[in-house]
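Chemist: I would like the atomic coordinates for the input below:
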Amino acid sequence: MFYVQDDDNEYHALILRCTLSDLKCKEALIHKASQWLNRKEVQNNASIKPKWDETDHSWTFPNGNSLTFGYLSNINDLDTYQGSEYQFIGIDELTQLERFKYIYMRSRVRKTKDNKLPTQVI
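Modeler: Residues are numbered from 1 along each chain as shown. Have a look, this model is predicted:
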């Protein structure tokens, strides 16, 4: 679950594909997340109502948590994630991603010592 109700710890999730168009296709992950997060019960609940940022391809929740969609179509795209910190990275179609990109993105999964929330790469 990408909305983590924990006031002391931020939780940032990243979903990756090789290209942004892979994420934007009808019935692909951005579309599915939009269906899920735009449901009435989510949008009518001010404590969890996320906001979509089309430029960053990211949902941000009122407590600061985020769900971002990203891509790694070429080696220069790795620079986009330099300095980033995620507690969860999900790679859709891992078999399409070069090994060095996967290893680099694993290094983006981290947290502060006092953050008790789990980290995960799948």
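Chemist: and R17, bridged to which residues?
Modeler: Beta-bridge pairing for R17 (DSSP bridges): Y71.
Chemist: what is the burial count for it?
Modeler: 24 (other CB atoms under 10 Å). C-beta here means a position set from N, CA and C on the backbone, and glycine is covered the same way.
Chemist: now it: how far from L29?
Modeler: 7 Å (CB to CB, to the nearest Å).
Chemist: and F69, what element?
Modeler: strand 66-71 (DSSP states H and E).
Chemist: avg pLDDT for that strand?
Modeler: Average pLDDT, strand 66-71: 95.
Chemist: can you name every helix or strand that it contacts?
Modeler: Contacts defined by 3 or more CB pairs under 8 Å, 6 or more residues apart in numbering; DSSP states H and E place strand 66-71 against strand 12-17, helix 20-24, helix 29-37, strand 58-60.
Chemist: among the ones you listed, which is nearest N76?
Modeler: helix 20-24 (13.9 Å; CB to CB).
Chemist: many thanks, we can stop here.
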